[in-house]
Every structure is written in C-alpha cells, then in structure tokens.
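**Student:** how would this look folded up:
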Amino acid sequence: MSYRHIPAMPKEVDYYLDCRPGEIIVDGTLGGCGHAGKICEKILPDGLLIGIDQDMDAIANADKVLESYASNVGLFHGNFIHLPDFLSQLKIAAVDGILLDLGISLHQIKNSGRGFSFREDEPLDMRMDKQSGETAESLINKLSRENLRKLFKDYGEERWAKQIAYKIVETRKRKMIRTSIQLAQIVIDAIPGHALSKQKIHPATRVFMALRIAVNQELERLKSFMERAADFLNPGGRLCVLSFHSLEDRIVKQQLKALEKGCSCPPQLPMCVCGQSPQVRILTRRVVRPSAEEVSANPMARSTRLRAAEKLRKTDDKSQNSEDPGQKPKAVDHQRSK
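**Tutor:** Below you'll find the model as predicted:
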C-alpha cells in the first residue's frame, strides 16, 4: 500500500532549516518522507538523516522511499520525545537541525484503518503507534460525561462539548461505541439543528481531533520536547516546527519565547536568580503561513503554521534578536558559521 502524503510548506522548510552537506538532521515526524528526501539531497555526501516516526507504516515506507540514501539515513520507530535515547544509540551528542511536522498524513486518514476519519467506517483506534497506548474506543466508552466534555472543550475547542458528551453517555448505555461512523453520527445528532446548518467544517471534526490528541498525548509530548529542544542542537543548529491547529502553535510559540528569553524569574525581582540564559534566537517573529498558490494546490496545507529558531553561539550578539517581524532572517544571520 502506497503512503500518500503531500508535505506542507516545503520551500519554507528548506529555507529555515537551511541544511548543509555533512550535517546531522532529525526529521522527528517522517510521515510520507516528503521533507526527508529533500533533506537527504542537501546533506550529501556524508551527512546523516535521523528519521523518527511512531507509525510503523511510515517507517516501512521510509525504508523504501529513502533506499537510495540508505548509507545516510538512520530510522527509528518511536515518538520524537525519545530523541535523547536514539542519539545515545548513535553516540551523537547533538545535531544541526530538527524538523517536526505535526500534521496527520493523508495515508493515516484514508488508508490506515484506524478511525482517524469521520467519513470512513473503521474501528475507533486512533493510535499513531498501534503497539502501545489506549484506543479512542476505550476513552469514548469509559470516560465520565464531565471528562468527555472537558476533553472536547480543551483539546478540540468544541462549542457543543457538553451536548456531545451527554449524547455519547446516553448512547453507550444501550450499546458500545466502536466505529468512526457511529461516533460521527452521534456528534451530528447532538448538535442543535440551527447550528449544524452554519457549520463550515464537518460537525465531527473537532471531536475527532480532540480524541486523536488525547490518545497520542500529542500536546503533552510536544511541550516536553520543546522545553528541551535547544539541548539537542549544536550551536547554530536550527529547529523548524509545522503545526496545524492553535493548541499546537501556542505551545511552540510560548516555548520558543521562553528559550529565547532565558531568565524565568518573576519581573519584580531586581536581579536574575534562576541562572538561566537565552538559548535560541527566533527566526520567525510572526508565524509563517502557506502561500495562496500552495493552498490552492494542496488544500490540506491551509491551516499550517511554521515557526523556527536557531541555537545561539557564544559569539552571538543578543541584539541580533531584533529581526523585523514576519521577515526572513537577514542574510548575515542566515549564513551559519560552523
């Protein structure tokens, strides 16, 4: 089965990641290898791509797609949160670039058979890694009404979370909720008719997103990784993150700001006592969005948000952080010295 996926914002990723020959680059979310192939081309002849994905379908696909770069690629099955373990196995202390493309792939929506899509009649699994964790079916059938409401509200920003949670609990009193189509219909039935007619997206979109996020602990893992991201980079190394909804983007934005600021002391203190210093400079003062041309060619890219940062070198002047908002780094900043 072919692994179908069109990468979002490939030109922008190429620019901000700025891969060079001989570098060690991490693709923490391989997916369909849309970005990985381009990275391999840039780091030849003696660079290394460390490819990570928690979906074994993606790893199997990467093994085929990147076969011509086999000597320059190391593949790992797991979540990017385990990057320190993978680096330890390779005896690598730090890398020159990290890419996280947090979106779900077209393959997972259309062909995985795991219930990611509300348009397919599939078991409610939703695990990226089929070998671990609790399924969406388990959560839907065991969580209390209040916990379901909170899940849909917090992770899906669903306006009708209370009504949907109530409908789910009432339905499962009669029979277990096991399939994606079954859940999608329950959501539709729970939302008032006048609201359904005004929906611009499928009524079940936010509920399915919330469940997927909860099942795979996506936000918790992203926050944990972002807090330590600079530790994994060599000086001058780049971090580039593509997110696809506001909850992800908020975490990336806040953590990059914290890494750039360094000091976490309360503002009322007269001097720093935490001992933390700035670790990165943000390259994207405003979030970067896909062009209209790209969205027209690839509608799935419409919600993409890109943010990037570079790990500071000892010689970096703190004043270099005052880049014009929303603009690409100045040429002098973009040319990294190794």
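**Student:** CA only for contacts and neighbour counts going forward, please
**Tutor:** Will do.
**Student:** Shouldn't residue 74 be within a strand?
**Tutor:** Yes - with DSSP: H, G, I helix; E, B strand; the rest coil as the criterion, residue 74 is part of a strand.
**Student:** That one: what's it in contact with?
**Tutor:** 48, 49, 50, 51 (CA atoms under 8 Å, 6 or more residues apart in numbering).
**Student:** Residue 214: which of those is nearest?
**Tutor:** Closest approach to residue 214 among the contacts of residue 74 (CA to CA): residue 51, at 24.0 Å.
**Student:** helix/strand/coil for the closest one?
**Tutor:** Assignment for residue 51 (three-state DSSP): strand.
**Student:** wait, what's in contact with it?
**Tutor:** So residue 51 contacts 26, 27, 28, 29, 30, 36, 73, 74, 75, 76 (CA under 8 Å, 6+ apart).
**Student:** Quick one: these as a markdown table, columns for pLDDT too.
**Tutor:** What follows is these, written out as a markdown table (pLDDT from 0 to 100):
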| residue | pLDDT |
| --- | --- |
| 26 | 98 |
| 27 | 98 |
| 28 | 98 |
| 29 | 97 |
| 30 | 95 |
| 36 | 97 |
| 73 | 98 |
| 74 | 98 |
| 75 | 98 |
| 76 | 98 |
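**Student:** Endpoint to endpoint, stretch 59-78 covers what distance?
**Tutor:** Chord length of stretch 59-78, first to last residue, is 10 Å (CA to CA, to the nearest Å).
**Student:** May I see the buried residues of it?
**Tutor:** 59, 61-63, 65-66, 69-70, 72-78 (16 or more other CA atoms under 10 Å).
**Student:** rewinding a little: of all the contacts of residue 74, which two lie farthest apart?
**Tutor:** Most distant of those, by CA to CA, are 48 and 51, 9.4 Å apart.
**Student:** which residues are common contacts for these two?
**Tutor:** Joint contacts of residue 48 and residue 51 (CA under 8 Å, 6+ apart) are 73, 74.
**Student:** ok so, going back, can you say which two of the buried residues of stretch 59-78 are spatially most distant?
**Tutor:** 69 and 78 (20.9 Å).
**Student:** From the centroid of this structure, which residue is nearest?
**Tutor:** residue 102 (2.0 Å; CA atoms, centre = their mean).
**Student:** And residue 103, how close does it get to residue 249?
**Tutor:** Distance of residue 103 to residue 249, given as CA to CA: 12 Å.
**Student:** Can you check which residues contact both of the two?
**Tutor:** Joint contacts of residue 103 and residue 249 (CA under 8 Å, 6+ apart) are residue 243.
**Student:** Tell me how many other residues surround residue 272.
**Tutor:** 13 (other CA atoms under 10 Å).
**Student:** In contact with it: list those residues for me.
**Tutor:** So residue 272 contacts 263, 265 (CA under 8 Å, 6+ apart).
**Student:** Ok, the one 10 residues further on next?
**Tutor:** For residue 282, the contact set (CA under 8 Å, 6+ apart) comprises 256, 257, 260, 308, 309, 310, 321.
**Student:** what's the longest helix in this protein?
**Tutor:** In the chain, taking DSSP state H as the definition, the longest helix is helix 246-261.
**Student:** what comes into contact with it?
**Tutor:** Here helix 246-261 makes contact (CA under 8 Å, 6+ apart) with 155, 219, 222-223, 226-227, 230, 241, 243, 264, 277-282, 305, 307, 309.
**Student:** Quick check on the contacts of residue 74: which are buried?
**Tutor:** The buried subset of the contacts of residue 74 - by 16+ other CA under 10 Å - is 48, 49, 50, 51.
**Student:** Can you show me the strands along the chain?
**Tutor:** Ranges of strands within the chain are 24-27, 48-53, 73-77, 95-101, 233-243, 280-282, 305-311, based on DSSP state E.
**Student:** With only the CA atoms kept, save the second one in CSV.
**Tutor:** Written as CSV, here are the backbone C-alpha positions of strand 48-53 (Å, rounded to 0.1, in the frame of the first residue of the first chain):
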residue,chain,number,x,y,z
LEU,A,48,23.1,11.9,8.3
LEU,A,49,19.3,12.0,8.5
ILE,A,50,17.8,10.6,11.7
GLY,A,51,14.2,9.7,10.8
ILE,A,52,11.7,9.1,13.5
ASP,A,53,8.0,8.1,13.4
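**Student:** First-to-last residue distance for stretch 162-180?
**Tutor:** The first and final residues of stretch 162-180 sit 20 Å from each other (CA to CA).
**Student:** Report the buried residues of that stretch.
**Tutor:** Taking 16+ other CA under 10 Å as the criterion, stretch 162-180 shows 162-169, 176-180 as buried.
**Student:** need those in a markdown table with pLDDT and distance to residue 96, can you?
**Tutor:** Formatted as a markdown table, the buried residues of stretch 162-180 follow (pLDDT from 0 to 100; distance: CA to CA, whole Å):
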| residue | pLDDT | distance to residue 96 |
| --- | --- | --- |
| 162 | 98 | 46 |
| 163 | 98 | 48 |
| 164 | 98 | 46 |
| 165 | 98 | 45 |
| 166 | 98 | 49 |
| 167 | 98 | 50 |
| 168 | 98 | 47 |
| 169 | 98 | 49 |
| 176 | 97 | 49 |
| 177 | 98 | 46 |
| 178 | 97 | 44 |
| 179 | 97 | 43 |
| 180 | 96 | 41 |
